[in-house]
Each structure stands twice: as structure tokens, then as C-alpha cells.
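**Q** Pasted the sequence and its predicted model underneath.
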Amino acid sequence: MKQVTPYNTNESKKEQVAQMFDNIAFRYDFLNSLLSLGIHKGWRKKCIELIAPRNPKQILDVATGTADFAIGAMKLNPTKVIGIDISEGMMKYGRKKIEELHLEKTITLQYGDAETCDLPDNSMDVITVGFGVRNFENLEKGLANMLRILKPNGQLCVLEFASPTKFPIKQFYKFHFKFITPTVGKLFSKDNRAYTYLPESIKAFPDNENFTAILERVGYKNASFSSVGWGLASIYLADK
């Protein structure tokens, strides 16, 4: 997998990604809804529906950001949801949402990432990652550590952007990410690189069959994917 970073600096990818999300945190939710026309919310809802049959009580949300996935998981009536992220700026807005919804007793957000998270072995029923795996500094290390944390028969659910291949979505996607996304992102977030890094990181990510092959290689079972949004994103499921 080609290593794509937000900025051309000597800092690690993890440090650059944290800086990028800190920079855009104040506009992240607004831009997400604007650039995706709100359809990303339906994708998360689909993920929650897919993991519901497991009736998870302990959930870890990796790359939680502003906590949309963690809050959405409350529909499953869990006893504990832990969200981790490397951007304190993003989690600041996530904590505000959680407080407004009075969910502090169930959802906690803390600094952390998939590669180094030190939660106990076999401690989580489900792990979710929404638009975060392509930002991992070491993809396989992060996936392996999440596998360690999952309980036996636990489930991983990953929602990630993909590169569409069918006409006319492929052509729309290229136009949107080449012209609209960087322009709108720069206008509202004031970070010149954040929304040009986005399409670069999507292009570099080993999506669909390539990603399920990596999951199987790391040790997950029954890895599968389903495309959503006409191929703009994919939902991956895998078991321990």
C-alpha cells in the first residue's frame, strides 16, 4: 500500500493526520454533510443494522472523530461504547455532542489509535471504524491489534470510501474530487491539503477484494464487503 500523507513534512503519518483533523475539526461535520449531500449518514445506519444481530454490549469505535458512529451505536443498547482517536480537536466536538445527548455514562472518548490501543485481549464484542482505516500508519498492525481486542466470535465493521468503477459514477467521482472537494474544503476549512489528501488516500487504499484479502491474511474469518453509494464506499465485515 502506497504511503500517502496529508503534508510534505518529516513527521510521521499519524502526526500529520492528527494535525490535519485538528485543523478541520471545527468544520468537519458541516463539510461532510455538504460534500456527501448527507448520504454518509445512511451508510453508517446500514452498518449499525448489519452488526445488530450480534447484540453487542461492549463496542470500540476506532477513529471515532466527532463520535457519529459511537452515537449511532446507541441504537443497539450497548452497556459501554469507547471511542478512540488521535485528534483531540475532533473529539472535543464529539464530547460536546455526547453531553448534549446525555450519553456520558455509556460513551467515553479517549486518545488512541488502532495500532497501539492497549485494551485487554478478548474484551470487545464489536469494533467499528468509519472512514479511518486508510489513515492508519500501519494498516496490518492496526487490524491485528483490533483482532486481539475482539472477543472470540466478535465482529469488525469497517466503513470506508472506495474508488467506483462504473459509468457514470466513476466520471462524477473524478470530477467531484478533482474540482469540487478541494475548492469547497479550502474555502470552508482553510486547510489547503486536507481535502486534496482525501482523494489521494482513497486512491491509494486497497479497497474491496484487496482489503478483504488483507483481513483474511491478518487472521480474520468470513471477511466480506458490500458496496454502498453506487460504489463510492464499501462496508466490510469480518469475524474473529
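**A** Now that the structure is in, tell me what you want to look at. Residues are numbered from 1 along each chain as shown.

**Q** all strands of this structure, in order?
**A** With DSSP state E as the criterion, the chain has strands at 58-62, 80-85, 107-111, 124-130, 150-161, 221-228, 233-239.

**Q** any idea of the angle the longest one forms with strand 233-239?
**A** Just to be clear, that refers to strand 150-161. 170 degrees (axes from the mean of the first three to the mean of the last three CA atoms, to 10 degrees).

**Q** which secondary structure elements does strand 150-161 contact?
**A** Judged by 3 or more CB pairs under 8 Å, 6 or more residues apart in numbering; DSSP states H and E, the packing partners of strand 150-161 are helix 39-51, strand 124-130, helix 139-149, helix 209-218, strand 233-239. Every residue, glycine included, has its C-beta placed from N, CA and C.

**Q** Quick one: residues in contact with the lowest-mean-pLDDT helix or strand in the chain.
**A** Lowest by mean pLDDT, DSSP states H and E among the helices and strands of the chain is helix 28-36, with a mean of 77. Helix 28-36 has contacts (CB atoms under 8 Å, 6 or more residues apart in numbering) with 21, 24, 40-41, 65-66, 68, 90, 93, 176, 180-181, 184-185, 188-189, 195.

**Q** Just list the residues touching the nearest residue to residue 191 once chain neighbours are set aside, thanks.
**A** Spatial nearest neighbour of residue 191, excluding adjacent residues (CB to CB, 6 or more residues apart in numbering): residue 23 at 4.5 Å. Applying CB under 8 Å, 6+ apart, we find residue 23 in contact with 89, 189, 190, 191, 194.

**Q** for residue 226, same thing?
**A** With CB under 8 Å, 6+ apart, residue 226 has these contacts: 234, 235.

**Q** quick one on the thing from earlier: I'd like the helices and strands packed on strand 150-161 laid out as a markdown table, including mean pLDDT, mean neighbour count and distance to residue 83.
**A** Formatted as a markdown table, the helices and strands packed on strand 150-161 follow (pLDDT from 0 to 100; neighbours: other CB atoms under 10 Å; distance: least, CB to CB, whole Å):
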| stretch | mean pLDDT | mean neighbour count | distance to residue 83 |
| --- | --- | --- | --- |
| helix 39-51 | 95 | 16 | 13 |
| strand 124-130 | 98 | 25 | 9 |
| helix 139-149 | 98 | 20 | 14 |
| helix 209-218 | 98 | 16 | 22 |
| strand 233-239 | 97 | 22 | 19 |
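
**Q** Export the ones you listed to TSV and append columns for distance to residue 14.
**A** Shown next, in TSV, are the helices and strands packed on strand 150-161 (distance: least, CB to CB, whole Å):
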stretch	distance to residue 14
helix 39-51	24
strand 124-130	15
helix 139-149	10
helix 209-218	19
strand 233-239	22
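
**Q** Can you report how many residues lie near the closest residue to residue 11 other than its chain neighbours?
**A** With CB to CB, 6+ apart as the criterion, residue 11 has its nearest non-adjacent residue at 7.5 Å, and that residue is residue 19. Per other CB atoms under 10 Å, the neighbour tally for residue 19 reads 20.
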